[in-house]
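Asks: Using only what follows, build the 3D model:
(one chain, ligands or ions: 2)
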Amino acid sequence: MSLKDTIAAIATPQGRGGIAIIRVSGSQALEVAKTLTGITPKSRYAYFSRFSLNDEVVDEGLLLYFKSPNSYTGEDVIELQGHGGNIAPHRVLNAVLSIPGVRMAEPGEFTRRAFLNNKLDLTAAEAVEDLISAGSESAAKAALASLEGSFSDKLNELTEDLTTFRMRLEGCLDFPEEHEDFFDSGKAEKDLIKLKTLAETSLKIASQGVKLNEGARIVLAGSPNAGKSSLLNALAGTEKAIVTNIPGTTRDVLTAEIEINGVPVTITDTAGIRDTPSDEIEAIGIKKAINELKKADLVLFMIDGSSEAPDAHATLKKILNYEVNPSHILIIVSKSDKERCANTKALLESEPFANMPKVMSSTKVDGGLKELRQELSNALGIIPSEGVFSARRRHTLELQETINSIQRAIDILETGDLVLCAQEVREAQDHLGTITGKVTSDDLLGKIFSTFCIGK
Ligand SMILES: Nc1nc2c(ncn2[C@@H]2O[C@H](COP(=O)(O)OP(=O)(O)OP(=O)(O)O)[C@@H](O)[C@H]2O)c(=O)[nH]1
Ligand SMILES: [Mg+2]
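Replies: Ligands and ions are numbered 1, 2, ... in the order given. Okay, the predicted model is just below:
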């Protein structure tokens, strides 16, 4: 894959639609325009034209030209806006690709070139893809904030402060007498603590950004008839799952997309877990249920509070055996509109249930899920806050490393080893640089851009 090639791709989704855009970027873009339309376009002008190759008209539409460096990629870019559908855009793309030196773009290659040509930093480049795949309004807003620089501004500010600090530190090493006050007043330590706090604030916001971006998975589990499918329907606001009073109604895995404080959440209903399935189908359903549990961020373990629950303890044990983290389990005591069963109440007050978080719920009365909704948000660690920017796990890991380096620099200050201290500050800067792309490797870029869609 050479960055010198001219690349092309359909930038709009597959399927029926009014318009499809074929994007071409690279030194031959203008030649492609001339070959297909006979026009030598002026930058930022639109031309209506036929698109033809060897006298055959492949489509017609608009030609746009963005002259380097004022384009998305920073290179010469043309857009051919033709008709949508399953065939027409491919006819235009094939015509473009038949021109020697033009090849199909790799996933994310347009944005990769934009990054390499300094049109945007790495957090903004990642935000482009996050915006495209946003699963909720809040996630889209956060991705746009990152794209517009909210995240990188914070990181750049912190990097600049770290640079200033390091310059003073290095000044102390070279000219100790001129910088005495820096250490005498304990200013250096105060400065570092301030920088650490700044990094911690960014980490907090970024962690929320990761949640918005990735969404969360909740899985409903428990004995048959506990009310799992009813809860899925109530949370999703549709009658998605079949509900009956026959134990073993749900067999297959069913999912619904919901939103909790702006975070897109996939909620999964599963077959009730029991040792004596009524047939082979239910047995397969139970196996599938257990598989889902392993993928959950949060398992809602449902226990019908109005009836005896003799299997609850054994079922919980089974779940814990399947690599489910106990801190990822929330006990839902369902059917709270009905009279509570004294034995089940006692069971829930005894070990191991006594110390587990519990919430009462009812899908039969108004407001029966109010407490549950709030608890779901808490259990998933969602803190609704203004000014969230989208972020990824690699960002939060690097921010944590930044904080660790600053903390080490603080600890070293006490020993008076300023060289080592400066080294830790430098490391903190490098971790920040890995987030924005100032410090980067081909491997990292390959990993990031390969998950993009083609044409972006
Ligand atoms: N009173 C009352 N009944 C409920 C409530 N939730 C569910 N039910 C009833 O309990 C029965 C079982 O509900 P489901 O939602 O099908 O239970 P399930 O856990 O999905 O059952 P399986 O699919 O068999 O594992 C149905 O008759 C529901 O109407 C509730 O909050 N209050
Ligand atoms: Mg069910």
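Asks: could you measure Tyr45 against Ala33, distance?
Replies: Going from Tyr45 to Ala33 by C-beta to C-beta, to the nearest Å gives 11 Å. For glycine as for every other residue, the C-beta is placed from the backbone atoms N, C-alpha and C.
Asks: what residues do these two have in common as contacts?
Replies: Common neighbours of Tyr45 and Ala33, using C-beta atoms under 8 Å, 6 or more residues apart in numbering, are Tyr65.
Asks: Looking at the two, which is more packed in?
Replies: Neighbour count, other C-beta atoms under 10 Å: between Tyr45 and Ala33, Ala33 has more, with 25 against 10.
Asks: show me what contacts the more buried one?
Replies: Val24, Ile39, Thr40, Pro41, Leu63, Tyr65, Ile78.
Asks: Mind pulling the model confidence for the closest residue to ligand 2 within the stretch 351-456 of the chain?
Replies: Here the residue of the stretch 351-456 of the chain nearest ligand 2 is Thr363; by C-beta to the ion that distance is 12.0 Å. You'll see Thr363 listed with a pLDDT of 97.
Asks: How about the one 5 residues further on?
Replies: Model confidence at Gly368, given as pLDDT, is 91.
Asks: so what's it closest to, chain neighbours aside?
Replies: Using C-beta to C-beta, 6 or more residues apart in numbering and skipping the chain neighbours, the partner closest in space to Gly368 is Ser362 (3.2 Å).
Asks: Please name the residues that touch the one you found.
Replies: Contacts for Ser362 (C-beta under 8 Å, 6+ apart) come out as Ser334, Lys335, Ser336, Asp337, Gly368, Leu369.
Asks: what does the protein put close to ligand 1?
Replies: Residues of the chain found near ligand 1 (C-beta under 6 Å from any ligand atom) are 224-230, 243-245, 247-250, 271-272, 334-335, 337-338, 362-364.
Asks: How about stretch 216-226 and ligand 2, any contact?
Replies: No: Stretch 216-226 stays clear of ligand 2 (C-beta under 5 Å from the ion), getting no nearer than 7.5 Å.
Asks: And the average pLDDT for that stretch is what?
Replies: 93.
Asks: follow-up on the earlier one: narrow the contacts of Ser362 to just the buried residues.
Replies: Buried members of the contacts of Ser362, scored by 16 or more other C-beta atoms under 10 Å, are Ser334, Lys335, Ser336, Gly368, Leu369.
Asks: quick one: pLDDT of the second one?
Replies: By that I understand Lys335. 97.
Asks: Could you report the neighbour count for the spatially closest residue to it that is not a sequence neighbour?
Replies: Spatial nearest neighbour of Lys335, chain neighbours left out: Ser306 (4.4 Å); criterion: C-beta to C-beta, 6+ apart. Residues contacting Ser306 under the criterion other C-beta under 10 Å number 18.
Asks: Where does Ser306 sit: helix, strand or coil?
Replies: At Ser306 the chain is in coil, as set by DSSP: H, G, I helix; E, B strand; the rest coil.
Asks: Do I have it right that it meets Lys338?
Replies: Yes: here Ser306 reaches Lys338: they are 3.7 Å apart, a contact under C-beta atoms under 8 Å.
Asks: element containing Ser52?
Replies: Taking DSSP states H and E as the criterion, Ser52 maps to strand 46-53.
Asks: Can I get the next helix-or-strand element following that strand in CSV, CA atoms only?
Replies: Next in sequence after strand 46-53, counting helices and strands by DSSP H and E, comes strand 56-66. In CSV, the C-alpha atoms belonging to strand 56-66 read as follows (Å, rounded to 0.1, in the frame of the first residue of the first chain):
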residue,chain,number,x,y,z
GLU,A,56,-19.6,4.7,-23.0
VAL,A,57,-21.7,6.8,-20.6
VAL,A,58,-21.6,5.1,-17.2
ASP,A,59,-23.7,7.6,-15.3
GLU,A,60,-24.3,11.4,-15.0
GLY,A,61,-24.2,13.8,-12.1
LEU,A,62,-22.0,16.4,-10.3
LEU,A,63,-18.3,16.7,-10.4
LEU,A,64,-16.6,18.6,-7.5
TYR,A,65,-12.9,19.4,-7.2
PHE,A,66,-11.0,20.2,-4.0
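Asks: what's the angle between strand 56-66 and strand 46-53?
Replies: Counting by axes from the mean of the first three to the mean of the last three C-alpha atoms, to 10 degrees, strand 56-66 points 140 degrees away from the direction of strand 46-53.
Asks: list the buried ones in the helix or strand where Ala145 lies?
Replies: Assessed by DSSP H and E, Ala145 sits inside helix 137-147. For helix 137-147, burial by neighbour count (16+ other C-beta under 10 Å) applies to Ser138, Ala139, Ala140, Lys141, Ala142, Ala143, Leu144, Ala145, Ser146, Leu147.
Asks: Against which helices or strands is it packed?
Replies: Packed against helix 137-147 by the contact rule (3 or more C-beta pairs under 8 Å, 6 or more residues apart in numbering; DSSP states H and E) you find helix 122-132, helix 187-214, strand 263-269.
Asks: Out of these, flag the one nearest Glu157.
Replies: Ranking the helices and strands packed on helix 137-147 by proximity to Glu157 (C-beta to C-beta) places helix 187-214 first, at 7.6 Å.
Asks: list the helices and strands that closest one packs on?
Replies: helix 137-147, helix 150-174, strand 263-269, helix 393-415.
Asks: The second one versus helix 393-415: what angle between them?
Replies: Think helix 150-174. Helix 150-174 runs at 20 degrees relative to helix 393-415, counting by the same axes, to 10 degrees.
Asks: Helix 137-147 and helix 150-174, what's the angle between them?
Replies: Orientation of helix 150-174 against helix 137-147 (the same axes, to 10 degrees) gives an angle of 40 degrees.
Asks: what residues does helix 150-174 touch?
Replies: Against helix 150-174 from outside (C-beta under 8 Å, 6+ apart): 121, 123-124, 127, 145-146, 178-179, 182-183, 188, 191-192, 195, 198-199, 202, 205-206, 209, 387, 389-391, 395, 402, 418-419, 421-422, 425-426, 428-429, 432-433, 435-436.
Asks: Narrow those to just the buried residues.
Replies: Buried members of the contacts of helix 150-174, scored by 16+ other C-beta under 10 Å, are 121, 123-124, 127, 145-146, 179, 182-183, 188, 191-192, 195, 198-199, 202, 205-206, 209, 389-391, 395, 402, 418, 421-422, 425, 428-429, 432-433, 435-436.
Asks: Run through the residues that contact the closest residue to ligand 1 within the stretch 201-350 of the chain.
Replies: Residue of the stretch 201-350 of the chain nearest ligand 1, by C-beta to the nearest ligand atom: Gly272 (2.8 Å). Taking C-beta under 8 Å, 6+ apart as the contact definition, Gly272 lies against Gly222, Ser223, Pro224, Asn225, Ala226, Lys228, Pro247, Gly248, Thr250, Ile286, Ala289.
Asks: doesn't it fall inside a strand?
Replies: No: counting by three-state DSSP, one finds Gly272 to be coil, located in no strand.
Asks: What score does Asp184 have for pLDDT?
Replies: The predicted local confidence for Asp184 is 68.
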